[in-house]
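Asker: Structure for this input, please:
(4 chains)
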2 protein chains.
Amino acid sequence: MVRVIKAPEVRYAELLDCAQRLFFVHGYDNTTVNDIIHEAGLSKGAFYHYFDSKSALLEALAVRMARDSMTELQPILDDPELDAISRLNALFAGSRRYNIEYAPQIRKTFEVIFRPENIVLFHRMDQAVTAVVTPALAKILRQGAEQGVFDVPDPIAFAEMLLQFRLSLATMMNDALQQAKAGNVDAAAEALAERMRLYGLAIDRVLKLPDGTIEVAEKGFAYALISEQ
Amino acid sequence: MVRVIKAPEVRYAELLDCAQRLFFVHGYDNTTVNDIIHEAGLSKGAFYHYFDSKSALLEALAVRMARDSMTELQPILDDPELDAISRLNALFAGSRRYNIEYAPQIRKTFEVIFRPENIVLFHRMDQAVTAVVTPALAKILRQGAEQGVFDVPDPIAFAEMLLQFRLSLATMMNDALQQAKAGNVDAAAEALAERMRLYGLAIDRVLKLPDGTIEVAEKGFAYALISEQ
DNA sequence: CAATAGACCGACCGTCGGTCTATATCAAAG
DNA sequence: CTTTGATATAGACCGACGGTCGGTCTATTG
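Answerer: Next up is the predicted model:
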């Protein structure tokens, strides 16, 4: 193989890029180290020069995704104009906007990421993102509690609950996509919308807010996400 | 090796037993087919006579666990004395009783099953159990809706939500156990109890019940579960 | 220009899931 | 009582995969 030398940071990033693409298309277990080094144009020795193991690469990927997530969230967290409720809604809206914008990729990703053999991949990503987002979310909740708009005795506990909700919703989005692909698009969208309504309701009621103050999603979102173009 | 012939159902069950024990002690990936056949006193040929693959064995194990779960639930589902709320509470109480009775094993199991490399195992089990329990739970909810005690427009959606809650609580029990083992038993129990209270609250409020009608858990449970004997 | 660091190469190794062929056992048919 | 076919079992063997290791090449530095 032709020997090409690059700056370590560049190589490192390239390996992460290749791995991410391959993992998300074919899954973690179905992607071999050989696949990755072939795609990255690198030898095996070089690969193991950068990462101790295949799972160390996954770990590094999770860390990078967590960092990216926080970068995306930062504007909402920093905006001094927003009160706690608006901040929470902005977070949900952001993830909705993101979901719809990238609907085709997400559909594809869901198919891969929720296949039983890829739970490992999904779990590591989620774990890493959760670890950095929980404290940020708790801070918003604490702000809300201090302003008297939320009823949150334990912000960390509630932040974890919110993130669990997000995870549950993702699972349900995937189920809905499967159902939609099996033909019944309308029924799938209705069912997804109902499930989202339920979770929104749960948040509002535990926080003692009027119904619908926290907008997890509206029906149109469910349709937009799962409808085929 | 000495050739021993047994009734196929016996062998099948023995293989499942061995696999279950080994998977729960060492994890799915860390248990090799050779480990299993060695423990079961069987050759590789015999193993692949009963199962098409290692993952087929996992699948069969999941099916058996799902069947066992339903057998345990059946008495509560069949009891004609119970109304919908009592039935739900009986379900939660049953899982509490079960959790405390088997606390030492559960502590051990949690340690293994929540290790990242064992998510595959956990996910398959959960998926299989959920698939059979969801309809049963939905039936209870439908009964409650007809009796006018619950506000449940979509019983299936709510049943899925309840089972997601159960899953989240299991994750949190594991976190609490880790924290307790790190020394801070009291803080861990308090935190776990608060999280349980939150989920109970969410259920009550979405169902429009008075707070505490559905008893996900009381504080004593959290202590009993994580305290060392 | 020599010495050093470290990026890079690829043959090689052990392990693991899975396959294949041979053989032992048993029940039923002849 | 033998034959025969189906089933259960044994274990040698295979290919793919993650990971190792000795060594090469090149940019930098004193």
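Asker: measure the residue in chain A positioned nearest to DNA strand C to A:I37 for me?
Answerer: In chain A, the residue that lies nearest DNA strand C is A:G45 (2.1 Å; Cβ to the nearest atom of the strand). For the C-beta atoms, the positions are set from N, CA and C on the backbone; glycine is no exception. Relative to A:I37, A:G45 is positioned 9 Å away (criterion: Cβ to Cβ, to the nearest Å).
Asker: Who has more neighbours out of the two?
Answerer: Neighbours around A:G45 and A:I37, counted as other Cβ atoms under 10 Å in any protein chain shown, are more numerous at A:I37. The numbers are 19 against 8.
Asker: quick one: contacts for that one?
Answerer: If you count contacts by Cβ atoms under 8 Å, 6 or more residues apart in numbering or on different chains, A:I37 has them with A:43-44, A:46-47.
Asker: Give me the subset of the residues you listed that lies in helices.
Answerer: Using DSSP state H to define helices, the subset of the contacts of A:I37 located there is A:44, A:46-47.
Asker: Of those, just the buried ones, ChimeraX syntax please.
Answerer: Under the burial definition 16 or more other Cβ atoms under 10 Å in any protein chain shown, those of those that qualify are selected in ChimeraX by:
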select /A:46,47
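Asker: can I get the ones in helices among the contacts of A:I37 in JSON lines with pLDDT and distance to DNA strand D?
Answerer: Supplementary listing: the ones in helices among the contacts of A:I37 in JSON lines, determined by pLDDT from 0 to 100; distance: Cβ to the nearest atom of the strand, whole Å:
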{"residue": "A:K44", "pLDDT": "96", "distance to DNA strand D": "4"}
{"residue": "A:A46", "pLDDT": "96", "distance to DNA strand D": "9"}
{"residue": "A:F47", "pLDDT": "97", "distance to DNA strand D": "7"}
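Asker: so where's chain A uncertain?
Answerer: Counting by pLDDT under 70, chain A shows low-confidence ranges at A:106, A:109, A:112-113, A:116-117, A:228-229.
Asker: For it, which segments count as helices?
Answerer: With DSSP H as the criterion, chain A has helices spanning A:8-26, A:33-40, A:44-50, A:54-78, A:84-101, A:103-113, A:119-146, A:155-181, A:185-206, A:219-226.
Asker: give me phi/psi at the residue nearest to A:I203 when sequence neighbours are not counted?
Answerer: Counting by Cβ to Cβ, 6 or more residues apart in numbering or on different chains, A:I203 lies nearest to A:I214, which is 4.9 Å off, once chain neighbours are set aside. Its backbone dihedrals place A:I214 at phi -90, psi 120, with angles given as degrees, to the nearest 10.
Asker: Check the one 3 residues further on too.
Answerer: The phi/psi pair for A:A217 (degrees, to the nearest 10) reads phi -170, psi 160.
Asker: got the contact list for it?
Answerer: Residues in contact with A:A217, defined by Cβ under 8 Å, 6+ apart, are A:92, A:96, A:169, A:193, A:196-197, A:200.
Asker: Please tell me how far it sits from DNA strand D.
Answerer: Remark: distance between A:A217 and DNA strand D (Cβ to the nearest atom of the strand, to the nearest Å) = 38 Å.
Asker: Hmm, A:F122 and A:F114 touching each other?
Answerer: Yes - the pair A:F114 / A:F122 is scored as a contact, 7.1 Å apart, by Cβ atoms under 8 Å.
Asker: neighbour count winner among those two?
Answerer: The residue with more neighbours, out of A:F114 and A:F122 and counting by other Cβ under 10 Å, is A:F122; that gives 22 against 18.
Asker: Quick check: the gap between the more buried one and B:P104.
Answerer: Noted for A:F122: a distance of 31 Å to B:P104, by Cβ to Cβ.
Asker: same deal with A:P75?
Answerer: In this view, A:P75 and B:P104 are 48 Å apart by Cβ to Cβ.
Asker: before we move on, what about A:A19?
Answerer: A:A19 sits 40 Å away from B:P104, going by Cβ to Cβ.
Asker: So if I had to pick from those two, which one is more boxed in?
Answerer: With neighbours defined as other Cβ under 10 Å, A:A19 and B:P104 compare such that A:A19 has more, 24 against 10.
Asker: Who are the contact partners of that one?
Answerer: Residues counted as contacts of A:A19 (Cβ under 8 Å, 6+ apart) are A:31, A:36, A:57-58, A:61.
Asker: which bits of chain A sit near DNA strand C?
Answerer: When proximity is defined by Cβ under 7 Å from any atom of the strand, chain A lies next to DNA strand C at A:1-6, A:8, A:11, A:41-46, A:48-50.
Asker: Excluding sequence neighbours, find me the nearest residue to the residue nearest the centre of chain A.
Answerer: Against the mean C-alpha coordinate of chain A, by Cα atoms, centre = their mean, the closest residue is A:D126 at 6.7 Å. Taking Cβ to Cβ, 6+ apart as the measure, A:D126 lies nearest to A:L167, with 6.3 Å between them; neighbours along the chain are not counted.
Asker: I'd say the one you found and A:M125 touch.
Answerer: No - at 10.9 Å, A:L167 does not count as touching A:M125 under the criterion of Cβ under 8 Å.
Asker: which parts of chain A sit against chain B?
Answerer: Those residues of chain A that sit near chain B, judged by Cβ under 8 Å from any Cβ of the partner chain, are A:116-117, A:119-120, A:123-124, A:127, A:153-154, A:157-158, A:160-161, A:164, A:168, A:171-172, A:191, A:194-195, A:198-199, A:201-202, A:205-206.
Asker: Show me which of these are buried.
Answerer: If you count burial by 16+ other Cβ under 10 Å, the buried members of the residues of chain A next to chain B come out as A:116, A:119-120, A:123-124, A:154, A:157-158, A:160-161, A:164, A:168, A:171-172, A:191, A:194-195, A:198-199, A:201-202, A:205-206.
Asker: Kindly report the residues of chain A close to DNA strand D.
Answerer: With Cβ under 7 Å from any atom of the strand as the criterion, chain A comes near DNA strand D at residues A:3, A:5, A:31-34, A:44-45, A:48, A:52-55.
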